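Enquirer: With the input below, show me the fold.
(2 chains)
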Amino acid sequence: MKLKRTVLYDCHVECGGRIVDFAGWEMPVQYATGILQEHLATRKGAGLFEVSHMGRFEIRGGGAEAFLRDCLTHDARHLPVGFAHYTLLANERGGAIDDAFLYRFTADTRLLVVNASNAEKDWSHLKELAGAFSEVELKDVSGEVAMIALQGPCSEAMLADLLEEGCLPEPKRNALGQVRIAGAEVKIGRTGYTGEPVCFELFIPAESAGGIWTLLVEKGARPVGLGARDTLRLEASLPLYGHEYGTDPAGEEIPILACPTAKFGVDLSDPDRRFVGREAIEKQTQGIEKMIRPVRVTGKGLARAGAAVFYEGKPAGWLTSGTMVPYWEAEGEGTGRKLTERTGQRAIGLALVDSGPVAGAAVEIEVRGRRVAAEIVKKNLDNRSGPVTFAVL
Amino acid sequence: MIDQEARYLKSHEWAKKEDDEAFAVGLSSYAIDQLGDIVFMELPKKGDTFEQGAVFGVVESVKAASDLYMPLSGEIVEVNQAAADNPDVLKDDPYEEGWLIKIRASKPAEFDELLDAKEYKHFLETEAE
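Expert: Below is the predicted model of the structure:
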């Protein structure tokens, strides 16, 4: 099958991007300076990511809300105009077909952003469910709207500099706004997939995306490829479909609520709302055998997805994601805490493990036939206070 | 960049003759570039012996782990601990400072079977992924 190219393909090549096949798209896995530098640049400055390969579906019409309430785990009725929320497409078994973000830029237009690897499957699923509703217009706008993410403590100043009209969304997580940049109408959400508290995703008419990308690079934003996108989300313990959602290494479906992030995307508050997977998810609220937990490797080396995890000498689950990530060393305490010029590396991961052992529990991870010491932790990144995040060491 | 003195495996390890039976072994600059940032290496211990083509260690980038293969059968006589501790050395100087192991070859004639610089260059241009 011929690989697809996003509208910014030439920009990636020009920036030294190393192009790989990702879910049928030719995308940059990294640029010249490499994954580690891109990760660090995002945490201290601003990282620039093209994410146009993701699926973008517009939902309009009088029946849109009823339709979305039926097919998504979060309650679309609870999404006010000017905000986005995390949500999932569940199956009847309470597993994930995909996870997604639903944006409501205006009262009557909603945009669902889904994973590139699942876009076709999601589209068929939504199309099928939409058949039961009247007045639902479902449109795939992935080709006409480009999407880039600008993430990190310096991103707000860079973006503010480029505004010709309008203002940035209010500084609240998931707030939306519309502005004009370089003559183009750009929709902006304070959303992202890096764990950065200062974060933006831009929806740009395809023909204007290249110009805005270049402007942001000139402002000092560092192009970041899929490699560092993965290490950044991993450090922030954010799930990835195919790893923390989908099937586990034993081939069993992972229950949605095994992933702590999922609780932000599941709304059971209206008992009268029926949605696909609701019964199974309600059962999951009674307790789940295995949970997704952040881990850090305390022994030598690193561990990757699929590695077996042992607790008190017995098999307890698997690593679902894992690698070595870089970090900035910090100094000072409390509000005086700041990043230094020194960097380090640490092996971290996410694991699907028996719900018994909690943060602080010592575990072992099997790497090439050897067991390496590791620990279940609360989190690997402290991003609560902002605008800068700190590695939890 | 290809070192003219070295001989190569298609899996991108190089060997350089230092003495009749003594060889240095490392990873070609092509392979190092393809791996991206190297974040961890596992190298054998002094005294370990391996056959030609056997896995003697692992080099890990952020994205993947790659096995390291012995270009010649022999015994490990020295391990470059400095490179293991600071893999950046491989990127900076893959054919000198960035050597990985030194071996005493049990079948030194195996060296002649390896790809020479010209053959390795041709391999990279035509076949390598």
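Enquirer: Residue A:197 against residue A:381, yeah?
Expert: No: Residue A:197 lies out of contact with residue A:381 (C-beta atoms under 8 Å); the separation is 10.6 Å. Every C-beta, even on glycine, is put in place using the N, C-alpha and C of the backbone.
Enquirer: what's the overlap in contacts for these two?
Expert: residue A:389 (C-beta atoms under 8 Å, 6 or more residues apart in numbering or on different chains).
Enquirer: Of these two, give the one with the bigger neighbour count.
Expert: residue A:381 (23 against 19; other C-beta atoms under 10 Å in any protein chain shown).
Enquirer: Okay, and the beta partners of the more buried one?
Expert: Note on residue A:381: beta-bridge partners residue A:391, judged by DSSP bridges.
Enquirer: could you measure it against residue A:351, distance?
Expert: As judged by C-beta to C-beta, to the nearest Å, residue A:381 and residue A:351 stand 16 Å apart.
Enquirer: same thing with residue A:118?
Expert: 23 Å.
Enquirer: Ok, residue A:43 next?
Expert: Taking C-beta to C-beta, one finds residue A:43 at 23 Å from residue A:351.
Enquirer: Check residue A:10 too.
Expert: 40 Å.
Enquirer: Comparing these two, which shows the higher neighbour count?
Expert: Per other C-beta under 10 Å, whichever of residue A:10 and residue A:351 has more neighbours is residue A:351, with 29 against 12.
Enquirer: Show me which residues of the stretch 151-300 of chain A sit near chain B.
Expert: A:227, A:231 (C-beta under 8 Å from any C-beta of the partner chain).
Enquirer: Let me see the ranges of the helices in the stretch 151-300 of chain A.
Expert: Along the stretch 151-300 of chain A, counting by DSSP state H, counting those that start in this stretch, helices occupy A:155-162, A:209-218, A:226-235, A:278-284.
Enquirer: out of those helices, deepest packed?
Expert: Mean neighbour count (mean count of other C-beta atoms under 10 Å in any protein chain shown) peaks for helix A:226-235 among the helices of the stretch 151-300 of chain A, with a mean of 25.
Enquirer: Remind me what that helix packs against, helices and strands.
Expert: strand A:25-30, helix A:35-44, strand A:47-50, strand A:314-331, strand A:338-354 (3 or more C-beta pairs under 8 Å, 6 or more residues apart in numbering or on different chains; DSSP states H and E).
Enquirer: any chance of these in TSV, plus mean pLDDT and distance to chain B?
Expert: Output for the helices and strands packed on helix A:226-235, formatted as TSV (pLDDT from 0 to 100; distance: least, C-beta to the nearest C-beta, whole Å):
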stretch	mean pLDDT	distance to chain B
strand A:25-30	98	6
helix A:35-44	98	5
strand A:47-50	98	15
strand A:314-331	98	4
strand A:338-354	98	6
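Enquirer: Residue A:135 contacts residue A:65, correct?
Expert: No: under the criterion of C-beta under 8 Å, residue A:135 makes no contact with residue A:65, lying 10.4 Å away.
Enquirer: neighbour count winner among the two?
Expert: It is residue A:65, of residue A:135 and residue A:65, that has more neighbours when counted by other C-beta under 10 Å, with 19 against 11.
Enquirer: for the more buried one, phi and psi?
Expert: Main-chain torsions, residue A:65, degrees, to the nearest 10: phi -60, psi -50.
Enquirer: Look at it and report its pLDDT.
Expert: Looking at residue A:65, its pLDDT stands at 97.
Enquirer: now swap in the one 3 residues further on and tell me
Expert: Residue-level confidence at residue A:68 comes out at 98, pLDDT.
Enquirer: Just the strands from the stretch 51-200 of chain A, written as ranges.
Expert: Assigned by DSSP state E, counting those that start in this stretch, the stretch 51-200 of chain A shows strands spanning A:55-60, A:83-90, A:96-106, A:109-114, A:137-140, A:145-151, A:163-165, A:176-181, A:184-189, A:199-205.
Enquirer: out of those, nearest to residue B:98?
Expert: strand A:145-151 (33.9 Å; C-beta to C-beta).
Enquirer: Can you tell me what sits against the closest one?
Expert: Here strand A:145-151 has contacts from A:6-8, A:42, A:46-52, A:54, A:56, A:113, A:158-159, A:192-194, A:196, A:198-206, A:208-209, A:212-213, A:216, A:221, A:232, using C-beta under 8 Å, 6+ apart.
Enquirer: how big is the angle separating that strand from strand A:199-205?
Expert: Direction vectors for strand A:145-151 and strand A:199-205, defined by axes from the mean of the first three to the mean of the last three C-alpha atoms, to 10 degrees, enclose an angle of 160 degrees.
Enquirer: Next, the angle from strand A:145-151 to helix A:35-44.
Expert: Going by the same axes, to 10 degrees, strand A:145-151 makes 80 degrees with helix A:35-44.
Enquirer: same for the helix or strand hosting residue B:76, what does it pack against?
Expert: Here residue B:76, judged by DSSP states H and E, is contained in strand B:74-79. Strand B:74-79 is packed against strand B:49-50, strand B:101-105, with contacts defined by 3+ C-beta pairs under 8 Å, 6+ apart.
Enquirer: Quick one: distance of it to the chain centre.
Expert: 13 Å (C-alpha atoms, centre = their mean, to the nearest Å).
Enquirer: Partner strands of it and their direction?
Expert: strand B:49-50 (antiparallel), strand B:101-105 (antiparallel).
Enquirer: Tell me which of those strands lies nearest to residue B:8.
Expert: Using C-beta to C-beta, the strands paired with strand B:74-79 put strand B:101-105 closest to residue B:8, at 15.5 Å.
Enquirer: And stretch A:363-372, what's buried?
Expert: Residues A:363, A:364, A:365, A:366, A:367, A:371, A:372 are the ones in stretch A:363-372 that count as buried (16 or more other C-beta atoms under 10 Å in any protein chain shown).
Enquirer: could those residues go into CSV alongside pLDDT?
Expert: CSV is the format used below for the buried residues of stretch A:363-372 (pLDDT from 0 to 100):
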residue, pLDDT
A:363, 98
A:364, 98
A:365, 98
A:366, 98
A:367, 96
A:371, 97
A:372, 98
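Enquirer: residues making contact with the strand holding residue B:76?
Expert: B:21-23, B:43-50, B:56, B:100-107.
Enquirer: Now do the contacts for the closest residue to chain A within chain B.
Expert: Nearest residue of chain B to chain A, counting by C-beta to the nearest C-beta: residue B:39, 3.8 Å away. By C-beta under 8 Å, 6+ apart, the contact list for residue B:39 reads A:36, A:302, A:323, A:324, A:345, B:60, B:61, B:62, B:87.
Enquirer: Tell me what the fifth one is bridged to.
Expert: Under the criterion DSSP bridges, residue A:345 forms beta bridges with residue A:326.
Enquirer: Test my guess that it contacts residue A:328.
Expert: No: between residue A:345 and residue A:328 there is no contact under C-beta under 8 Å: 11.3 Å.
Enquirer: of these two, who's got more company?
Expert: residue A:328 (19 against 14).
Enquirer: Can you tell me the centre-most residue of chain B?
Expert: What sits nearest the mean C-alpha location of chain B, by C-alpha atoms, centre = their mean, is residue B:26, with 2.7 Å.
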